Structure formats: C-alpha cells, structure tokens
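Trainee: quick check, what structure comes out for this input:
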Amino acid sequence: MHNYKKLTYLAVALALPAAAQADTTIYGYMSAGVESAKASGHGISSTTTRVEDLNSRIGFKGNEDLGNGLQAIWQVESSLRNFEQGGTNDKGQSATLATRNSFVGLQSNDWGTVQLGLYDSAYKRMTTSNLGINLWHDAEGDINPSSVNGVANRRNARLANSVHYTSPVWSGLQFGVSYGMDELRPTATNGTRQNDDRLDIAAEYTAGGLNLGLGYDHEGNKLNSAATAEGQQSITGLKAAGSYTFARTGTLIGASYERVKTNNNGSPNTTQDDWLVALSQPIVGPLTFKAVYAELGKLNGAPNGTNPDDYKAKEWTVGVSYDMSKRTQLFLYGTKIVNGAQQNANFVNDPVYTSGIGTADAALAKGVAPQAITLGMSHQF
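Mentor: As a prediction, this is how the structure comes out:
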C-alpha cells in the first residue's frame, strides 16, 4: 500500500506540467442601448422606443501546447440574443448554445491554422473584419451582415459544417480558404439534388497602417422555394477592400467594393454591386468620431416589369464613441437605410420590421426606410 501511494503521487506530479500547458479563458461582450427606432415610407410610419441588446455574447476558448510549435485550439461562443427581452428577439428566435464562432482545430506558427465547425469565412474576415472598416460593429450600423439582407458586404458569411485554413503571415501577406458543406442536400420533386456548398478564398496584406484585402466567394445550387426544381444555380462574389490608419493623427479611412452575380434557372441571371466608405477620427482624448456610408447598386437582370434602379439602397451611420477604459465604452449614433421601391435592406443587428413581429415571418416591407438613434454602453470581459 505504501508503494502504491508513492506511485500515485509520482503519477500526479508527472501530470502537472502537461496540465499547466492547457489554457481556458471565459470572455464576453455586453452591450445595450436606449434607442428610438422607426420605419417610414409607402404609407407606413411607426416609431418604437426600446432598450436594445446590441449583439452581446459569452464565450469559452482554450488551447493546449502539443509541442514542436503545435497547439490544439477550441472555442465555443454563444449569442445572448436580446437579453433585455428574456432571450427572444422580434423574430421569435431564442438564444442557444454555440450560435457564434465555435470550432476545434490545430495551430502552428510554421504552417498555419486549421479549424472545423462554425466559423467566419476567409472572405468575411480578410475583406471586412480584419481591416478595421466595420466601425459600428455589433450595432445597427454593422456592415458585416453574414446575409443578403444588408446594404454592403452581402457575401460575408459564418459557415456551418465548415473547414478553414489560414496561412502564417509572410512579409505582411496572409491568405485563407474556407469550405462550407451542404450536409442535408435535399432532393426536389423533379429529382434535382441540391448542393448549396460554399467555397471562399481570400488574401490580406498589411504594411504599417495599410491593410488590403481581396476575396472570392462561390455558392452552389439551391432549390426553389417550393422544392420542385433547381432555382439558384450559383452565386459568385468578388470583393476588394482596404484601409489606412495615419499614425500621427489616428485617422482611419477605408473602403470596399463588391460584385455579386447570381445564376438562376428559368429566370434571368442578375448582377449587383455594393460599395462603402468609412472614416474614424479621434477628436480629443478618448472621444472618437465615426462615419460609414454604403450603397447597393441597381439590379442588372431585374424581373420583367420592374426598374433595376428600384432595387438600390443607401445606408449611413454617424456618431461618436467615448472610451471610459480599455474595456468600457459609451456611444451615440444615428443610422438610416433608404430603400428603393423593390428593396427591403435592413439593419444587420436589431432589424426593424413592419409585419409579423414576434414570429419567424417578421419582415420589412419593400421601399420602407428603417432608422434609429441610439445611446448605449458596451463592456468587454
């Protein structure tokens, strides 16, 4: 028994260095604002004063040193969707576990990083997120939509069932590849099988205050809404973006341009461009002015009987932020989207709806202009 105890103590002692190499962190972001939100146009005018959750979340992440410069990495991040409403938003959706970037992978300084799970595409990260041009991220003025409902960056996406590779940085240059699989692949009544997969390739270059990004996105075929035949045959996105930060003044200027082409079965193919410009200027001390303007262009190949210009949209967000500390910030902004008669672009976060509020069918009517004025606070932990 005495020898058994000695062996047990020895085993524990040997295990301690390995355990010390693993690291787990709890982190999060809490943000909310008091705002006046409105939808107006085409005979509709409704104003709501609300306390709004601005994309709050909580996460857990960690790594383990595997030796020879190799690490195992993981992350589980969850939205605290609309915590001010008890966890249910205006579409009737509730907060659930691992709704945001959640993955497991391997990381090496020599050959890069591989991740499996739910994660932002290389296209999204290297042409928007990493460039610092999303000045009002997590607010209504967010330009990182991960959907086609925004005014700009419409091919940005968080890919489920996906694998990602991100290279090391070579003399300021880095590239990434993402592939999201269509795991279900339903079959239409005519026998056509869907393959709505997603391939993204992107590159980013950084030199001092200069950041440049290029991206290519391709999505496969999708069935029509009735699941009777193939509808969308493919969507392709191309984007160029850049930003520059002046070291002396802290001024950041940025811009992006994106072209999206959709190949359709049984209807004309369409092409639509979007672009944006962004400016961030420190005023005095921790006070910073921020402005973003974006436009969605005409829809080439618009359905017969409609005007291509009616699918346009414009969005602007202007305001100031005040850093109370490195982790706590106050902000005030105004934001508005002006939609063409056939367009219903909406806010990325906390959209405004004109019908079906509280259900999955909540929608913004075409041609209506959503707008909001918000005073809020955020804290990172």
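Trainee: where along the stretch 151-300 of the chain do the strands fall?
Mentor: Secondary structure of the stretch 151-300 of the chain (DSSP state E, counting those that start in this stretch): strands located at 158-166, 173-180, 198-207, 210-219, 222-223, 230-245, 252-264, 270-284, 287-296.
Trainee: can you convert these into CSV and add a column each for mean neighbour count?
Mentor: To be clear about C-beta, it is placed using only N, CA and C from the backbone, and glycine gets the same treatment. Converted to CSV, those look like this (neighbours: other C-beta atoms under 10 Å):
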stretch, mean neighbour count
strand 158-166, 19
strand 173-180, 20
strand 198-207, 20
strand 210-219, 21
strand 222-223, 20
strand 230-245, 19
strand 252-264, 19
strand 270-284, 17
strand 287-296, 19
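Trainee: looking at these, which is nearest to A37?
Mentor: Proximity to A37 (C-beta to C-beta) singles out strand 287-296 among the strands of the stretch 151-300 of the chain, at 18.2 Å.
Trainee: and the strands in the stretch 1-150 of the chain?
Mentor: 22-41, 44-53, 57-67, 70-79, 102-108, 112-120.
Trainee: distance from the chain centre to stretch 285-295, please.
Mentor: Between the centre of stretch 285-295 and the centre of its chain there are 19 Å (C-alpha atoms, centre = their mean, to the nearest Å).
Trainee: can you check stretch 183-199 too?
Mentor: With C-alpha atoms, centre = their mean, you get 25 Å for stretch 183-199.
Trainee: can you dump the C-alpha atoms of that stretch in PDB for me?
Mentor: Extracted in PDB, the C-alpha atoms of stretch 183-199 (Å, rounded to 0.1, in the frame of the first residue of the first chain):
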ATOM      1  CA  GLU A 183     -24.900  18.400 -45.200                       C
ATOM      2  CA  LEU A 184     -28.600  17.800 -46.000                       C
ATOM      3  CA  ARG A 185     -28.700  18.100 -49.800                       C
ATOM      4  CA  PRO A 186     -32.400  17.700 -50.200                       C
ATOM      5  CA  THR A 187     -33.900  16.400 -53.500                       C
ATOM      6  CA  ALA A 188     -36.500  18.300 -55.500                       C
ATOM      7  CA  THR A 189     -39.700  16.600 -56.800                       C
ATOM      8  CA  ASN A 190     -38.100  16.500 -60.300                       C
ATOM      9  CA  GLY A 191     -35.100  14.600 -59.000                       C
ATOM     10  CA  THR A 192     -32.700  17.500 -58.800                       C
ATOM     11  CA  ARG A 193     -30.400  17.300 -55.700                       C
ATOM     12  CA  GLN A 194     -29.300  20.500 -54.100                       C
ATOM     13  CA  ASN A 195     -25.600  21.100 -53.300                       C
ATOM     14  CA  ASP A 196     -25.700  24.500 -51.600                       C
ATOM     15  CA  ASP A 197     -22.000  24.400 -50.600                       C
ATOM     16  CA  ARG A 198     -19.700  27.400 -50.200                       C
ATOM     17  CA  LEU A 199     -16.100  28.000 -51.200                       C
END
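Trainee: check which residues of it are buried.
Mentor: A188, T192, Q194, D196, D197, R198, L199 (16 or more other C-beta atoms under 10 Å).
Trainee: same check, this time on stretch 45-58
Mentor: R50, E52, D53, L54, N55, S56, R57, I58.
Trainee: which residue, other than its chain neighbours, is closest to Y322?
Mentor: L330 (4.5 Å; C-beta to C-beta, 6 or more residues apart in numbering).
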